[in-house]
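A.B. asks: show me how the following folds:
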Amino acid sequence: MRNETARHDVTVVGGGLAGVCAAIAAARLGRTVALINNRPVLGGNSSSEVRVWVCGATGHGKNHNAREGGIMGELLVENQYRNPDGNPYYWDAVVLDAVRAEPGITLYLNTDVREVEAEGPDDERRITSATGWMMGSERRIRLESPVFLDCTGDGLIGHLAGAHHRIGREARNEFEEAWAPESADGITLGSTLLFYTKDAGRPVKFVPPDFAKDISTTSIPQRRIIKAGDNGCAYWWIEFGGELDTVHDNERIRDELWSVIYGIWDHIKNSGEFDAANMTLEWVGSVPGKREYRRFLGDYVLHQGDILGQTEFADRVAFGGWSIDLHPPQGMYATESGARQLYADGIYHIPFRSLYSVNTENLLFAGRNISASHVAFGSTRVMATCATIGQAAGTAAALCAAGEIAPRELSVPELHRVLLRQDASLIGLASTDPEDLALRATVTASSALSCLAVEDSGELWPLAADAGIVLPVDPDLTGLELLVDADRETELVIDLYDPELGQNYVPRRLVTSTSLPVAAGRRQWLKTGLDWSPDTPRNAFLVIRANDAIALHRADRPTPGVLCFTRVPLRPQDESPQPLREWTDAGLLRRTFCFRAGETAAYAPAKAVDGYARPYAGPHMWVSAPLADDRLPWLSLTWPEPVTLGRIEVIADDDVNEDLINLHHHRTPFDTLPTLLCDYRVEAREADGTWRVIARADRNRRRRQSHTPSEPVTTPAVRIVVEATNGTDSAHLVAVRAYAAGE
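C.D. replies: Below you'll find the predicted structure:
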């Protein structure tokens, strides 16, 4: 056995996506980082050992322009390129590569931390070290750092240090949460094992093991959906342990889950109710995917009202958007449905005060153990949200280590500045980074999409249900026309709504309504007469009310900044109102109703330096004219006096409305997002007015590229010249950033 001591600026315990993103974030800021994981692979519940698919703020397409950015966004986009079929082992490699790309990270796999040293009274604890045992290597490693992050999920490190925490559900009156029980209790969400099946191409028998449960004696066949071809994601409801202790009863929970999985497979193979003769089990999990255990107490406890009310915290550092998704304590044996879900009107904010301990001064946390009530945790627990929290916590840890301060003392404006510079997931905050020279530049372009119109009809969309169109309004909306067919003379009612919050894409405040006579006929451009001039740029949500005499025309292509929907009824078990469930883009994803909306500034060149790096009350990016009209589009930044540049960042459009997934929940039809720039060059203007290439990108597949010339460049102007996109018929550029050498 070997005893070792390792010292780092930041120690991250837990190698799930929260810990991975925390470690990468801290390392990118120049800190030395220890990343400790008690399993042989990274990724936590998303890894090949457990195989839970990564969910996040998109709610699998219910929220719009909501896919996570920053490090989590990088992982999803890279996985889409390498692993579009969702192989869990390829996903392991994507995550491992991202960690190993950071030289500041020392990775300790198979290392179980069981000892924590902390000092001070109960209300002022401080962690001095954590000690782990590296299984298979007989190494006992003492890890010392000024800052620790507990990303273990179960919250073991903070617990051993004496950090205040909770397990179970709060009473309803503590936070006035309608979904909380009347009295506090120890109930949690349970754990799940998953399984994969495959068609062997020949008959395969199945002899159930002795421990397999006869599920015909349970309520499972009557209460849950069982299909021969389903596996993995479809069986999320195989859940147990909510009424037990999901940590100390872990072995009992695993055995019960195993018995049910093999019982379900016996039912599929041998009951005679399924066409499954050639099916066989390919993989059965052995590590239960835990949903809930300890939740730490921070300076703020996020609660149900914050999620549904979308509280705009001044110290917001991450966002979520998954529903409040709570499961019955009995799990798979419950008589009610396997999940109860409630969506806010859009994505919500997570405050920094929920990411550090109320009583342990050098402890931050990220993942499902943050400072949130049980009800709020029902949303924040999903892995893509945990990952964005991880980047925020890791960034804060790096700043605390550099400044030798406690998280509570950290400047929130400074944290925001660094997070935005690192392309993290913040909503509604524009960068004002004083070191970004691009924010002081005058921006021009070869062209811009200045007329918002879609006229190339592909097929008809019968108006059997209400239809919705979201349009950017910048600076106003006038002269809107719709392309319609009418079987007979009728009237069409259109309502114009303000979604109010910049991150929302549902009708919220009625601005105006109009009723229009429509004559019978084909391909009519219907003038709506709608007129709206809001004080600031924002989105408009048009509700075109159902009319069985009318069909809209639909183009089979997306339009930047435009979303189209149809209205569907809520399910019987859904609480009302839930507009996010009612408005779906099913059949309309990457398609656009035909319309004319006139002149717009929503895609002007200046949008690339307005400080926003994702949609918020508008698309916030430069979009060129179609490539057929502007074959080599460019965007230029010019300064009154020459500046000396050491780094230029190009942030392309990775279409955050596209719901990417790491495993096989669904298939996205392209490996590289079409909206991304493919080939481009960065040029600097010389004194004689000519342009010199100082950097270029070929076959780009990433959102963010940082270009560092071989030596600093002094110039009055730089420009990005787009030679090719990855599929779109115009160039999309979210942001250009420019920094002096060393910044």
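A.B. asks: tally of neighbours for residue 6?
C.D. replies: Applying other Cβ atoms under 10 Å, we find 17 residues neighbouring residue 6. Quick note: C-beta positions are derived from backbone N, CA and C, even for glycine.
A.B. asks: phi, psi for residue 608 please.
C.D. replies: Its backbone dihedrals place residue 608 at phi -80, psi -10, with angles given as degrees, to the nearest 10.
A.B. asks: give me the number of residues near the closest residue in space to it that isn't next to it in sequence?
C.D. replies: Using Cβ to Cβ, 6 or more residues apart in numbering and skipping the chain neighbours, the partner closest in space to residue 608 is residue 622 (4.4 Å). By the criterion of other Cβ under 10 Å, residue 622 has 29 neighbours.
A.B. asks: what's the answer for the one 10 residues further on, then?
C.D. replies: Using other Cβ under 10 Å, residue 632 has 13 other residues around it.
A.B. asks: just use 19 as the starting number from now, easier for me
C.D. replies: Yes, from this point I'll number from 19; that puts the last item at residue 650.
A.B. asks: that one - nearest residue in space that isn't next to it in sequence?
C.D. replies: Computed as Cβ to Cβ, 6+ apart, the closest residue to residue 650 that is not its neighbour in sequence is residue 739, at 6.2 Å.
A.B. asks: residue ranges of the helices in the chain, please?
C.D. replies: Assigned by DSSP state H, the helices in the chain fall at 35-46, 88-100, 106-118, 174-179, 190-193, 238-241, 268-288, 322-326, 392-398, 401-421, 430-439, 597-600.
A.B. asks: CSV please, covering these and showing mean pLDDT, mean neighbour count and distance to residue 476.
C.D. replies: Converted to CSV, these look like this (pLDDT from 0 to 100; neighbours: other Cβ atoms under 10 Å; distance: least, Cβ to Cβ, whole Å):
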stretch, mean pLDDT, mean neighbour count, distance to residue 476
helix 35-46, 98, 31, 39
helix 88-100, 98, 22, 26
helix 106-118, 98, 18, 35
helix 174-179, 98, 23, 55
helix 190-193, 98, 15, 49
helix 238-241, 91, 14, 42
helix 268-288, 97, 20, 41
helix 322-326, 98, 23, 38
helix 392-398, 98, 27, 37
helix 401-421, 98, 28, 33
helix 430-439, 98, 18, 39
helix 597-600, 96, 21, 25
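A.B. asks: which one of those helices lies nearest to residue 682?
C.D. replies: Ranking the helices of the chain by distance to residue 682, with Cβ to Cβ as the measure, places helix 106-118 first at 8.6 Å.
A.B. asks: other SSEs contacting that closest one?
C.D. replies: In this structure, helix 106-118 packs against helix 35-46, helix 88-100, strand 123-126, with contacts taken as 3 or more Cβ pairs under 8 Å, 6 or more residues apart in numbering; DSSP states H and E.
A.B. asks: just to revisit the earlier point, of all the helices of the chain, which lies closest to residue 132?
C.D. replies: Distances from residue 132 to each of the helices of the chain were compared by Cβ to Cβ, and the smallest falls on helix 174-179, at 8.1 Å.
A.B. asks: show me the shaky parts of the stretch 169-318 of the chain.
C.D. replies: Residue ranges of the stretch 169-318 of the chain with pLDDT under 70: none are present.
A.B. asks: could you rerun that using 90?
C.D. replies: Per-residue confidence of the stretch 169-318 of the chain (counting by pLDDT under 90) places the weak regions at 240, 246-251.
A.B. asks: picking that back up, and the residue nearest to residue 650, how far is that from residue 727?
C.D. replies: When Cβ to Cβ, to the nearest Å is the yardstick, residue 739 and residue 727 sit 16 Å from each other.
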